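**Student:** Sequence plus the predicted model coming up.
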Amino acid sequence: MAASTETKSVSGTMAELKKQGKVAFIPFLVACDPDAATTVKALQKLDELGADVIEMGFPYSDPLADGPTIQAAATRALQKGTTMDKVLDVVRQASATIRAPIVMFTYYNPIMARGLDKFCRQAKEAGASGLLVPDIPLEETPEIRAVASQHGLELVLLTTPTTPQPRMRAIAESSQGFVYLVSLTGVTGMRGSMESRVEGLIKQLQSVTDKSVCVGFGVSGPEQAQQIKAWGAEGVICGSALVKALGESGSPDEGLKRMAELASSLRAVI
Amino acid sequence: MPVSCTAAPPQPKVQRPDKTGRYGQFGGRYVPETLILALDELTAAYEEAINDPAFQAELDHLLKHYVGRESPLYHAERLSERYRRPDGSRPEIYLKREDLNHTGAHKINNSLGQALLCKRMGKKRIIAETGAGQHGVATATVCARAGLECVVYMGEKDMERQALNVFRMRLLGAEVRPVTSGTRTLKDATSEAIRDWVTNVESTHYILGSVAGPHPFPMMVRDFHACIGRETRRQAQEAWGGKPDILVACVGGGSNAMGLFHEFVDDADVRLIGVEAGGEGIDTDKHAATLTLGRPGVLHGSYSLLIQDEEGQVVDPHSISADAEALQAFQDLSRLEGIIPALETSHALAFLDKLCPTVPDGTRIVVNCSGRGDKDVMNAANYLPHLSGGSTQ
């Protein structure tokens, strides 16, 4: 196994892409759905297909920011006995063999249960590069960022259509790696189209930060990805559609195949 | 229901929310960023409303003429007599009759206050979560009166158990949305309500029914129920020229206990006892003793105590419907006082068996009779087959 401590930073990856004038493709998967081995293969496949950063979702009993697809995937994973240790194992196995940095996406309670310091240390040891916690507001981030930074994890923050301008600026300043722009008021999940106000939100954010602006929530296929790119975003995040393809296709092999097809079609237009 | 008592700290430090919404280490706001603006707006609107005499006057008027406040402080003579000891001494038990409120429980105090606030904020749509259905019914009721659209999230399992309340909510014009995810009970109904709020935050107000959720909800829910304790103080003064010695309330989401206790937190000579549902025992996993056995964690937007596993996955509190001692208290109050209490309330009443033998003669105990038990009779009938059916045996 290659040394997983080799630093692949999210910010470094994003800066490099920006220099080359490329837009980042950032897929999200729920760990251990349908199973651990398939998740490792899926991460490797996404990397091979050109994913620039990968978000690894930790399955949680009460995912407030997630729609039905990711809730269902998390429930399936938990029913199979998925634990934080198993997810860290998946990250360890995958990170050693892939180029894309991994961002751990987890709600706050599982982090607290393990202990913030221990969690960050173990995530870093497993080879993760970043952390995203969807249920902590800006006010709670200084403590978490301090500990994450100590262990070399970058903390990615989210801004949304309801975030007032001064707060958006503060979030952009504090966010590490990139700034996650939530495209809609709502939970994760596939939507038919992108709200046109997203274009303005991208521009607004770019006027206050040099960091890459990546757009997520509601991206279900290449049309929306293309739209987001055309609006000038520096990254496109796709979760539910890939999670569904991987986890709801009948068998792990079929799931991998469908996920790869969707990922290729997204990569092709980004 | 094995009883386990956790003593309060000797000199409890009263913790009221600071400007970040924290009560000591607890509280706060752990929600997706989308909701932060709405919570800021709600906090501002609430501060503005409670400082406006016109708002308070409208609320007071409706509490009197619509809800039927004040609720009586009733001396339960036969219940008190039951606890008479061989030496002739006995405690004096009083019931704070929240069951006599419109819709049959304390819940409407909060729903009414928040609905008035919602109208003031210019929002037209209300969402709520409900477990047994009392908060859902109270919210559907005030929405009907205020002409607000109302959507209530309710776990599929709870809908089966509480069909009567589902019907009441629909009759009142509310839409009841079954929640089929996770445990299909209150925990997931609350998550689903929050997801709706994240989605429709610009048009919708969320009326949370427990002392839970992100700031300012715990503070608002406490304040809108604080009339229970304020009335109790005044009524005690009128009835016997003093204070109660002990206050007893059941604790699930905490709203009725907080409503009764808040007024007395600074009174060192008034003992406050919250009773949680022990279910099959707190050494089993079938209980709802969140505060007794929970560990600190974040759920539904605040830092509190949760029943959770080692991994931080949240475990659902056990259904309280099968608790033998609560069922006994449910029957006892019905027969001794002609008052059918809610099963939740019955947990507080059941605790009198443990408490009464330990208190001096004449100790005045006020139990919050938080709701009436009509909603529970179908459920209770399953456990009391000798009372149901057409058989004359």
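**Tutor:** Right, received. Where do you want to start? Numbers count the residues shown, from 1 in each chain, chains lettered A, B, ... in the order given.
**Student:** To what extent is the nearest residue to residue B:83 once chain neighbours are set aside buried, counted in neighbours?
**Tutor:** Leaving aside its sequence neighbours, residue B:83 sits nearest to residue B:356 (Cβ to Cβ, 6 or more residues apart in numbering or on different chains; 3.9 Å). No exception for glycine: its C-beta is placed from N, CA and C like everyone else's. Other residues near residue B:356 come to 20 when the count uses other Cβ atoms under 10 Å in any protein chain shown.
**Student:** Do you know the pLDDT at the residue in the stretch 1-150 of chain A positioned nearest to chain B?
**Tutor:** Here the residue of the stretch 1-150 of chain A nearest chain B is residue A:113; by Cβ to the nearest Cβ that distance is 2.9 Å. We have a pLDDT of 96 for residue A:113.
**Student:** what does the one 4 residues further on give?
**Tutor:** On pLDDT, residue A:117 comes in at 98.
**Student:** which is the next helix or strand following the helix or strand it falls within?
**Tutor:** Assigned by DSSP states H and E, residue A:117 belongs to helix A:116-126. Per DSSP H and E, the first helix or strand lying C-terminal to helix A:116-126 is strand A:130-132.
**Student:** what packs against that following strand?
**Tutor:** Here strand A:130-132 touches strand A:102-105, strand A:154-155, going by 3 or more Cβ pairs under 8 Å, 6 or more residues apart in numbering or on different chains; DSSP states H and E.
**Student:** Out of those strands, which one sits most buried?
**Tutor:** Ranked by mean neighbour count, these are led by strand A:102-105 with a mean of 26 (mean count of other Cβ atoms under 10 Å in any protein chain shown).
**Student:** Dump stretch A:123-133 to PDB, keeping only the CA atoms.
**Tutor:** The C-alpha coordinates for stretch A:123-133 follow below in PDB (Å, rounded to 0.1, in the frame of the first residue of the first chain):
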ATOM      1  CA  ALA A 123      -9.600  10.600   9.300                       C
ATOM      2  CA  LYS A 124      -6.200  12.200   8.500                       C
ATOM      3  CA  GLU A 125      -4.400   8.900   9.200                       C
ATOM      4  CA  ALA A 126      -6.800   7.100   6.900                       C
ATOM      5  CA  GLY A 127      -5.800   9.500   4.100                       C
ATOM      6  CA  ALA A 128      -8.700  12.100   4.100                       C
ATOM      7  CA  SER A 129      -7.800  15.600   3.100                       C
ATOM      8  CA  GLY A 130     -10.900  17.600   4.100                       C
ATOM      9  CA  LEU A 131     -14.000  17.700   6.300                       C
ATOM     10  CA  LEU A 132     -17.500  19.000   5.600                       C
ATOM     11  CA  VAL A 133     -20.100  19.100   8.400                       C
END
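**Student:** who touches whatever residue of the stretch 101-250 of chain B ends up closest to chain A in this structure?
**Tutor:** Nearest residue of the stretch 101-250 of chain B to chain A, counting by Cβ to the nearest Cβ: residue B:199, 3.9 Å away. Applying Cβ atoms under 8 Å, 6 or more residues apart in numbering or on different chains to residue B:199 gives the contacts A:185-187.
**Student:** and what of residue B:231?
**Tutor:** Counting by Cβ under 8 Å, 6+ apart, the residues that residue B:231 touches are B:69-71, B:73, B:96.
**Student:** Identify the residue nearest residue B:175 in space, chain neighbours excluded?
**Tutor:** Nearest non-adjacent residue to residue B:175, counting by Cβ to Cβ, 6+ apart: residue B:151, 4.9 Å away.
**Student:** Could I get the buried residue list for stretch A:69-84?
**Tutor:** A:69-78, A:82-84 (16 or more other Cβ atoms under 10 Å in any protein chain shown).
**Student:** So which of those would count as near chain B as well?
**Tutor:** Among the buried residues of stretch A:69-84, the ones lying near chain B by Cβ under 8 Å from any Cβ of the partner chain are A:71-72, A:75, A:78, A:83-84.
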